[in-house]
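Here is the input, now give the coordinates:
(one chain, ligands or ions: 1)
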Amino acid sequence: MENSANVKRKRVSEDSPGRTPPSQLQQKRIKLLDSRKQLPIWQRQKDIRDALRDHDVLILSGETGSGKSTQVPQFLLDQPWCRFPGKIAVTQPRRVAAISLARRVAEEMGTPLGSSSPASKVGYSVRFDESTSPSTRIKFLTEGMLLQEMLRDASLRQYSCVVVDEVHERSVNIDLILGFLRQLQTRRKGLKVVVMSATADVGSLRRFFAARLPEYAQPDQKTTSDRSQEDDALETDANDASWHGFSDEDSHDSGSDIATCHVEGRQYPVVTQYLDTPTEDTIEASLHRIFQIHCKEPTPGDLLVFMTGQETIQSLQKLIEEYALGLTADYPRMLVLPLFAALPQAAQQQIFQPTPRNSRKVILTTNIAETSVTVPGVRFVVDTGKAKVKQFRNRLGLDSLLVKQISQSSADQRKGRAGREAAGQCYRLYTEEAYKSLDKDNTPEVLRCDLSQAVLTMKARGVGDVLAFPFLTPPPKEAMEKALLQLLELGALDEHGKISPIGRKIARLPLTPALGRVIIEAATPEMDCLVEAIDTVACLSVEHIFLAIDTEEGREKAQVARRQLLRRQGDHLTYLAAVQAYAAEPSDRRRWAEDHMISHRAMQSVMDVRKQLTAQCRQAKLLQKQEAHPAADEATQERIVKCFLRGFSANVARVCPDGSYKTFAGNQTVAIHPSSVLFGRKGEAILYNQFVYTNKAYARDVSVVQLRWLEEALQ
Ligand SMILES: Nc1ncnc2c1ncn2[C@@H]1O[C@H](COP(=O)(O)OP(=O)(O)OP(=O)(O)O)[C@@H](O)[C@H]1O
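Reported below is the predicted structural model:
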């Protein structure tokens with residue numbers, strides 16, 4: 001085997017013609033090589049290479065921090081089987097992980113990142129942001145983006161290898177990818193698949209990949225924008241795959257195609273501490289623990305605190321900042337940084353900035369920093385043991401967000417964030433007994449979530465009989481049927497269960513089927529309000545644009561500041577007015593946002609998403625030179641709300657004689673969320689985009705609708 005350092009040296013000279021002295025990139029690469037060599041996985045690189053030389057599938061388990069995500073793609077790059085077509089895809093559950101891993105691996109390889117140079121070998125692709133170059137060899141991408149790529153090229157012909165990282169998370173997207181790869185391997189010989197996780201259930205993954213699927217007589221599909229031809233070819237793909245879940249009996253494991261490898265050990269130890277008695281108030285307990293660590297432990301040593309969501313993070317941030325004012329100058333400065341999915345990318349990436357001297361970063365995060373993320377400087381983890389998860393509510397027929405206890409495997413991942421650069425400590429804000437009583441693993445999302453997006457993805461990818469799709473854990477039949485029905489109602493499927501032209505268009509948008517349907521409806525000549533719908537959908541896709549206010553006085557102030565934007569019809573048109581006014585602001589947008597008590601950061605994200613969606617709608621020929629209607633008149637406003645009704649006809653509640661609202665589906669009582677402009681107001685019926693359950697059931701992002709519109713929408 002060629003010494004990898006030599007290979008790298010050779011590459012350096014190729015990359016730097018004229019024998020220029022090693023650039024800064026190369027110096028960094030050489031420096032990082034030493035720490036790479038310390039990783040437990042470094043010793044196993046030969047085993048990993050050999051395994052993939054001899055097998056098509058490798059199931060790799062290894063403790064958090066052993067070096068899986070950063071090293072495995074680099075070990076494989078020079079392998080003969082990887083020369084053509086030559087690219088390695090590495091999927092990640094979240095954008096923050098995909099981007100930070102790409103940056104780290106680019107540094108380790110001494111190559112520029114993403115699209116910054118045509119010579120860059122490492123790139124990434126996340127929703128609304130692709131950063132690659134013609135020379136990209138390793139691409140980190142979110143699972144959703146790989147599924148999107150599969151719509152364009154079902155055979156993934158640019159890749160020699162797909163690495164599916166963090167499989168233990170068991171999102172719907174991971175399960176779909178595993179099923180597709182499983183099918184693809186029966187007709188694209190030589191495609192290598194690596195499945196990785198700290199806590200992977202190796203046995204069931206092994207059986208999954210070993211179980212025999214029917215061979216498909218599969219014409220080689222061409223990448224084409226002509227979907228109908230491709231559809232026909234694809235329809236043959238999975239239709240015949242009679243798959244009914246799998247068990248030991250189903251497995252035909254000859255052992256020849258699948259290799260397994262376990263990497264022992266992590267780099268640094270992490271001490272775990274529990275509470276002696278349980279606590280109810282996690283914000284209070286976190287605050288207490290954060291200040292205890294801050295006042296006791298020397299710097300450097302940053303803190304990573306796992307919370308449930310944007311609201312709890314922002315409340316805690318406010319409290320920490322208030323209390324920190326009371327500390328004397330003897331203590332280090334506290335730099336509080338939030339991290340949650342809806343935060344714009346630039347703000348997310350701030351957590352990776354080096355901590356200034358005599359300061360301590362306190363990062364308040366949701367579970368998005370749970371896997372694959374290494375935040376340099378973090379030595380302490382505080383874990384509340386809770387996360388907000390999506391859960392399908394049968395009675396309502398839709399997903400809602402619930403705060404739930406995490407699994408042991410999530411708790412271990414969280415703990416693992418502390419020991420990545422040095423020994424660390426993890427404070428669990430629950431008792432040891434509570435930890436022992438947690439579920440061992442995450443419940444696969446396919447068992448608890450709305451499957452309409454998954455089913456649409458399958459249909460768009462040519463799976464005729466979705467009930468026969470090879471799922472690692474087959475979802476309940478009723479959930480699949482419900483999803484099919486919902487897609488039928490959206491017009492995404494025809495009555496024979498085949499994907500319709502509308503469904504195909506929706507599948508290509510990076511949105512849920514319901515939001516995608518809104519866009520398609522708005523593009524029709526009768527509705528003619530696509531530009532406005534894009535603005536509104538963009539607003540619904542990011543963090544809340546209105547700054548949270550918790551005092552009566554503040555609320556009154558906000559009412560005045562936002563008066564120009566508030567629309568009596570509800571939140572959708574209010575968001576639209578805000579986006580249009582912000583976009584039209586000629587000089588100082590930051591100031592405009594402050595004046596209107598709106599988050600400038602959120603509005604910047606809205607602008608990004610709006611730009612991307614506009615480009616995608618142009619590409620899909622939905623948007624042709626369409627201009628916004630100047631200050632959307634009454635008739636346009638009505639049409640916009642009707643478009644939302646077309647996508648969300650299942651999310652309607654009618655007013656009852658006592659003034660409360662009851663959902664049509666499930667007849668549940670629901671209240672308008674205090675953040676809505678309709679809070680405290682009544683209409684015949686309301687449409688809502690989100691159903692959240694905190695101390696009671698709330699509808700969020702709400703507009704008033706007329707019941708006769710609902711009938712029209714469903715005709
Ligand atoms: N951005 C970074 N900055 C500093 N060090 C890093 C960075 N990314 C990775 N590392 C180092 O590389 C080690 C291995 O990281 P890697 O993500 O490859 O591990 P892993 O086995 O995939 O862990 P996990 O299962 O937790 O994702 C880290 O523990 C850390 O020491």
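
and the gap between the residue in the stretch 251-400 of the chain positioned nearest to the ligand and residue 63?
Across the stretch 251-400 of the chain, no residue is closer to the ligand than residue 374, which sits at 3.6 Å (C-beta to the nearest ligand atom). Where you see a C-beta, it was placed from the backbone N, CA and C, and this is true even at glycine. Counting by C-beta to C-beta, to the nearest Å, the gap from residue 374 to residue 63 is 14 Å.

Then residue 341?
In this structure, residue 341 and residue 63 are 26 Å apart, going by C-beta to C-beta.

of those two, who's got more company?
Comparing residue 341 with residue 63 by neighbour count (other C-beta atoms under 10 Å), the higher total belongs to residue 63, at 20 against 15.

For whichever residue of the stretch 151-300 of the chain sits closest to the ligand, list the residues it contacts.
Taking C-beta to the nearest ligand atom, the ligand has its nearest neighbour within the stretch 151-300 of the chain at residue 198, 4.5 Å off. Applying C-beta atoms under 8 Å, 6 or more residues apart in numbering, one finds that residue 198 lies in contact with 61-64, 66, 68, 168, 409, 412-413, 416.

Look up how far residue 500 lies from the residue in the stretch 401-550 of the chain that the ligand sits nearest to.
Shortest the stretch 401-550 of the chain-to-the ligand distance, computed as C-beta to the nearest ligand atom: residue-wise this is residue 420, at 3.4 Å. For residue 420, the distance to residue 500 equals 48 Å [C-beta to C-beta].

Next: residue 414.
Using C-beta to C-beta, one obtains 43 Å as the distance from residue 414 to residue 500.

ok, now residue 673?
Taking C-beta to C-beta as the criterion, residue 673 is separated from residue 500 by 34 Å.

repeat for residue 189
In this structure, residue 189 lies at 34 Å from residue 500, with C-beta to C-beta as the measure.

For residue 371, grab the count of nearby residues.
That count, for residue 371 with other C-beta under 10 Å as the rule, works out to 24.

Pull the residues that contact stretch 491-499.
The set of residues external to stretch 491-499 that reach it, using C-beta under 8 Å, 6+ apart, is 231, 456, 459-460, 464, 484, 487-488, 500, 502-503, 506-507, 513, 517.

in it, what counts as buried?
491-493, 499 (16 or more other C-beta atoms under 10 Å).

C-alpha coordinates for that stretch, CSV please?
As requested, the backbone C-alpha atoms of stretch 491-499 are provided in CSV (Å, rounded to 0.1, in the frame of the first residue of the first chain):
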residue,chain,number,x,y,z
GLY,A,491,-53.3,16.4,-6.3
ALA,A,492,-49.8,15.1,-6.1
LEU,A,493,-51.0,11.6,-7.0
ASP,A,494,-53.7,10.5,-9.4
GLU,A,495,-56.5,8.1,-8.5
HIS,A,496,-54.3,5.2,-9.6
GLY,A,497,-51.7,6.2,-7.1
LYS,A,498,-49.3,7.4,-9.8
ILE,A,499,-47.4,10.6,-9.4
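
How about the contacts made by residue 118?
Counting by C-beta under 8 Å, 6+ apart, the residues that residue 118 touches are 133-135.

let's see it at 6 Å
Contacts were defined as C-beta atoms under 6 Å, 6 or more residues apart in numbering; by that measure residue 118 touches 133-134.

tell me the SS of it?
Look at residue 118: counting by DSSP: H, G, I helix; E, B strand; the rest coil, its state is coil.

what do you get for residue 505?
Three-state call for residue 505 (three-state DSSP): helix.

What is the burial count for it?
Residue crowding around residue 505 was assessed by other C-beta under 10 Å; the count is 21.

So what touches stretch 536-544?
Under the contact criterion C-beta under 6 Å, 6+ apart, stretch 536-544 has outside partners 342, 515, 572, 575-576, 579, 602, 605-606, 609-610, 689.

Just the buried residues out of these, in PyMOL syntax.
Below is the selection syntax for PyMOL that covers the buried ones among those, with 16+ other C-beta under 10 Å defining burial:
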select buried, resi 515+572+575+576+579+602+605+606+609+610+689
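
mind listing which of the contacts of stretch 536-544 are in strands?
When these are checked against strands (DSSP state E), the matches are residue 689.

Pick out the most distant pair among the contacts of stretch 536-544.
Within the contacts of stretch 536-544, 342 and 576 form the most distant pair, 18.7 Å apart (C-beta to C-beta).

re the thing from before, shouldn't the residue of the stretch 401-550 of the chain closest to the ligand be within a strand?
No. With three-state DSSP as the criterion, residue 420 is assigned coil and is not in a strand.

Now it: phi and psi?
Geometry field for residue 420 lists phi and psi as phi -90, psi -30, criterion degrees, to the nearest 10.

doesn't residue 63 make contact with it?
No. Contact criterion C-beta atoms under 6 Å: residue 420 and residue 63 do not qualify, at 11.3 Å.

Which secondary structure state is assigned to residue 72?
With three-state DSSP as the basis, the three-state label of residue 72 is helix.

Now do it against residue 56, distance only.
For residue 72, the distance to residue 56 under the criterion C-beta to C-beta works out to 15 Å.

Those two: who's more crowded?
More crowded of residue 72 and residue 56, by other C-beta under 10 Å: residue 72, with 27 against 19.

Can you check the pLDDT for the more buried one?
The confidence metric pLDDT takes the value 98 at residue 72.

next one: residue 712
With respect to pLDDT, residue 712 has a value of 83.

Please parse this protein into its domains.
22-213+256-263, 270-443, 509-635, 648-715 (automatic domain parsing).

Below-threshold pLDDT in the stretch 551-700 of the chain: ranges please.
626-632 (pLDDT under 70).

can you give me the strands in it?
652-655, 661-663, 669-672, 685-693, 697-705 (DSSP state E, counting those that start in this stretch).

pull the CA atoms of the fourth one into CSV?
Extracted C-alpha coordinates of strand 685-693, given in CSV (Å, rounded to 0.1, in the frame of the first residue of the first chain):
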residue,chain,number,x,y,z
ALA,A,685,-62.7,29.6,10.6
ILE,A,686,-58.9,29.6,10.8
LEU,A,687,-56.2,28.0,8.8
TYR,A,688,-52.9,27.3,10.5
ASN,A,689,-49.6,26.0,9.4
GLN,A,690,-48.4,24.5,12.6
PHE,A,691,-49.9,22.7,15.5
VAL,A,692,-47.8,23.0,18.7
TYR,A,693,-48.4,21.6,22.1
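
buried residues in that strand?
685-692.

list the helices and strands it packs on?
Helices and strands touching strand 685-693, as assessed by 3 or more C-beta pairs under 6 Å, 6 or more residues apart in numbering; DSSP states H and E, comprise strand 398-405, strand 652-655, strand 697-705.

The second one now?
For strand 661-663, the helices and strands in contact under the criterion 3+ C-beta pairs under 6 Å, 6+ apart are strand 652-655, strand 669-672.

The third one now?
With contacts defined as 3+ C-beta pairs under 6 Å, 6+ apart, the packing partners of strand 669-672 are strand 661-663, strand 697-705.

Select, out of these, the one closest to the ligand.
With distances scored as C-beta to the nearest ligand atom, the stretch of these nearest to the ligand is strand 697-705 (32.6 Å).

Many thanks, we can stop here.
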